[in-house]
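1. Output the structure for:
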Amino acid sequence: MNTQAMARLAVLAAGALLAAAPAGAQARDPRIGLSAGWSDAGQAIRNLRLVSHSDRPQGFVNPAEMGDFGFANSDLAFSGNHVFQGNFNGFQVWDVSNPARPRLRSSLVCSGGQGDVSVMGNLLFMSVEETRGRVDCGTGGVQGASSADRFRGVRIFDISNLDRPRQVAAVQTCRGSHTHTLVTDPDDRQNVYVYVQGTSGVRPATELAGCSGATPQQDTATSYFRIEVIRVPLARPQDARIVNAPRIFADAQTGNIAGLWPGGRHGEGTQQTATTNQCHDITVYPEIGLAAGACAGNGILLDIRDAANPVRIDEVTDPNFAYWHSATFNNAGSTVLFTDEWGGGTQPRCRDSDKPEWGADAIFTLNNRELRQVGYYKLPAPQTAQENCVAHNGSLIPVPGRDLMVQAWYQGGMSIFDFTDPAHPVEVAFFDRGPMNAQQAVLGGFWSAYWYNGRIYGSEIGRGLDVFELVPSEYLSQNEIDAAKLVRMREFNPQLQERWTWPAHFSVAKAYVDQLARNGGMPATRTMRLQRDVAAAERARGAARRTALTRIATELDGEAAGARDPEKVRALAGVLRELAR
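-> Model prediction:
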């Protein structure tokens, strides 16, 4: 990247971060100076309500060492009234029918880390990468450098009986599975595909045939510089197998499989960025045929219209990124947010002394299948040297007309921010606890935080499971919260994004009116009249309601072109017209 481009990125970072943290915000921020503790740490919360907290159950915690990575909670998946919580020692199934009192429905001890989970129908998928993982799910570990007992890859469980999950397949891979992504193909309803992201060392060929830890110069069949694609027949998951190992980092002109960022610094004062020989996370959006890959030294864009054969169509670098970690599309598919896991998730990277554009989110617009960087977002409250903190996993919150995201920051807590204007993201709400230990760094904090069917669920590495609700504020109205709750999902795997749609409902219409009032999209006198007119139409019935709604929509059609926010005015008119049918 040339000097001029780097200077432009610095300007983008300064503008975005100043927008996120107004002058003097740090002095007022209640997250600063929270007391330490495992179960009794100080807490700070704004524009959220903590509904419940559930401790880690027996078998998923080491009481002698609360920060023991071997028992760390990891990622979440959702189905019906159940939350599936991964752990380095297996997984837990929580019944959240009553979110104020989550109930541990079942759990399975099956060690091997990292334990990331996904669900589809009666199947649960779990990532395994550590050398202690056993084919039989045993806890005794595996001896020796090469063993037929060792398992590293993706486990598949039948969860038709939630009280007795049963392993039905285990697909071995050369580098294990740090994370994985379920991929659906609209033209192939009989199968689901799994993209496997392996980030650890290569196992010996004596343990799994075909594995090679050599460099591309030594062996063009190296197990680096690729992902694996598993095809899982939904009717016969036991037949799951690897069907492709695409070289998505190859140079299109030369064919060199190590065709992207070679590792190292981008120049003076930049990050030491990892070599692009792996992906950490791939987020897919099948409805638009695209995936965003966070791939060590690059962010990449993939065409996934043929799910078994992903093809890279764009790639980007950032001199402020150390390790491209995860990605999220906005609902329109016009913006992509990438995270940087500077420090690997175990280091304090949110201190006053840390550059605000390092360990942050980089926000890109997406146009004609090309990525263009426009801004950054980082947690605006500095954390202590005892708190591992960096950008981590999150998801969208389905407020119509806005791009809102909830995101985990390890011991930085969780932050909710608006990136509707991707160049100027703004924090909307937060929750944070003090450090696990006041004297030394102890691993903890939120691994992930996701919105699911009206609530936010946080997987807390060392403490358990948290459930939150949004509360109205100057940044978010009750109408907007109500509209978000209209979006219901049967299942949710955060790395498999589905397009959200909203039913014709007065909460959606009133949410748009609130947004026009907040952002000055129409004159204040006009939005006040709109609020009165829409409320009156809601009270009316039958033909009177239809007549009122049609009249308001027709007026808005005529006003849209002259409005400051014409897109939102047209969206409001469209909702009102649907309500009039």
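2. neighbouring strands for the host helix or strand of residue 300, and are they parallel or not?
-> Under the criterion DSSP states H and E, the helix or strand holding residue 300 is strand 298-303. Here strand 298-303 has these sheet partners by DSSP bridges: strand 290-295 (antiparallel), strand 311-316 (antiparallel).
3. And residue 277, its phi and psi?
-> Dihedral angles of residue 277 (phi, psi; degrees, to the nearest 10) stand at phi -120, psi 10.
4. so how far is the strand or helix carrying residue 362 off the chain centroid?
-> For residue 362, the element it lies in under DSSP H and E is strand 361-367. Its chain's average C-alpha position is 15 Å from that of strand 361-367, according to C-alpha atoms, centre = their mean, to the nearest Å.
5. Tell me, how many residues neighbour residue 446?
-> 28 (other C-beta atoms under 10 Å). Glycine gets a C-beta too; all of them are placed from N, C-alpha and C.
6. For beta bridges, what are the partners of it?
-> Beta-bridge partners of residue 446, as defined by DSSP bridges: residue 410, residue 460.
7. for residue 49, same thing?
-> Applying DSSP bridges, one finds that residue 49 bridges with residue 469.
8. can I assume it is in contact with residue 473?
-> No. With contact defined as C-beta atoms under 8 Å, residue 49 does not count as touching residue 473 (11.6 Å).
9. For stretch 340-351, give the mean pLDDT please.
-> The pLDDT scores in stretch 340-351 average 97.
10. do stretch 170-190 as well
-> On average, stretch 170-190 scores 96.
11. What is the burial count for residue 478?
-> A count of neighbours around residue 478, defined by other C-beta under 10 Å, yields 15.
12. ok, back up a step: put the alpha carbons of the strand holding residue 300 into PDB.
-> The C-alpha trace of strand 298-303 is given here as PDB (Å, rounded to 0.1, in the frame of the first residue of the first chain):
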ATOM      1  CA  ASN A 298      -6.200 -10.200   4.200                       C
ATOM      2  CA  GLY A 299      -9.900  -9.600   4.100                       C
ATOM      3  CA  ILE A 300     -11.300 -11.400   1.100                       C
ATOM      4  CA  LEU A 301     -14.500 -11.600  -0.900                       C
ATOM      5  CA  LEU A 302     -15.700 -14.900  -2.200                       C
ATOM      6  CA  ASP A 303     -18.300 -15.900  -4.800                       C
END
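13. Going forward, count from 3.
-> Renumbered: residue one is now 3, and that last one reads strand 300-305.
14. residues in contact with it?
-> By C-beta atoms under 8 Å, 6 or more residues apart in numbering, the surrounding residues in contact with strand 300-305 are 250-251, 262-263, 278, 281, 284, 291-295, 312-320, 326, 329, 338, 340, 364, 366, 368, 371-373.
15. Now do stretch 299-314: distance to the chain's middle.
-> Counting by C-alpha atoms, centre = their mean, stretch 299-314 is centred 18 Å from the centre of its parent chain.
16. got the end-to-end distance for it?
-> Counting by C-alpha to C-alpha, to the nearest Å, you get 15 Å between the two ends of stretch 299-314.
17. try stretch 359-375
-> End-to-end distance (C-alpha to C-alpha), stretch 359-375: 13 Å.
18. how close does the residue nearest the centre of the chain sit to residue 379?
-> The centroid of the chain falls nearest to residue 396 when counting by C-alpha atoms, centre = their mean (3.5 Å). To residue 379, residue 396 is 11 Å away according to C-beta to C-beta, to the nearest Å.
19. quick one on the thing from earlier: show me what the strand holding residue 364 packs onto, helices and strands only.
-> Contact here means 3 or more C-beta pairs under 8 Å, 6 or more residues apart in numbering; DSSP states H and E; on that basis strand 363-369 packs against strand 300-305, strand 337-342, strand 372-379.
20. May I see these organised as a markdown table, with mean neighbour count added?
-> Below are those laid out as a markdown table (neighbours: other C-beta atoms under 10 Å):
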| stretch | mean neighbour count |
| --- | --- |
| strand 300-305 | 23 |
| strand 337-342 | 27 |
| strand 372-379 | 22 |
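21. Which residue is the nearest non-sequential neighbour of residue 175?
-> Nearest non-adjacent residue to residue 175, counting by C-beta to C-beta, 6 or more residues apart in numbering: residue 155, 4.1 Å away.
22. With residue 253 instead?
-> residue 261 (3.1 Å).
23. shaky segments in this protein?
-> 3-29 (pLDDT under 70).
24. one more time with 90
-> Applying pLDDT under 90 to the chain picks out residues 3-30, 60-73.
25. elements contacting the strand ranked longest in it?
-> Looking across the chain with DSSP state E, the single longest strand is strand 190-199. Packing contacts for strand 190-199, counted by 3+ C-beta pairs under 8 Å, 6+ apart, involve strand 125-130, strand 155-160, strand 181-187, strand 230-235, strand 283-287.
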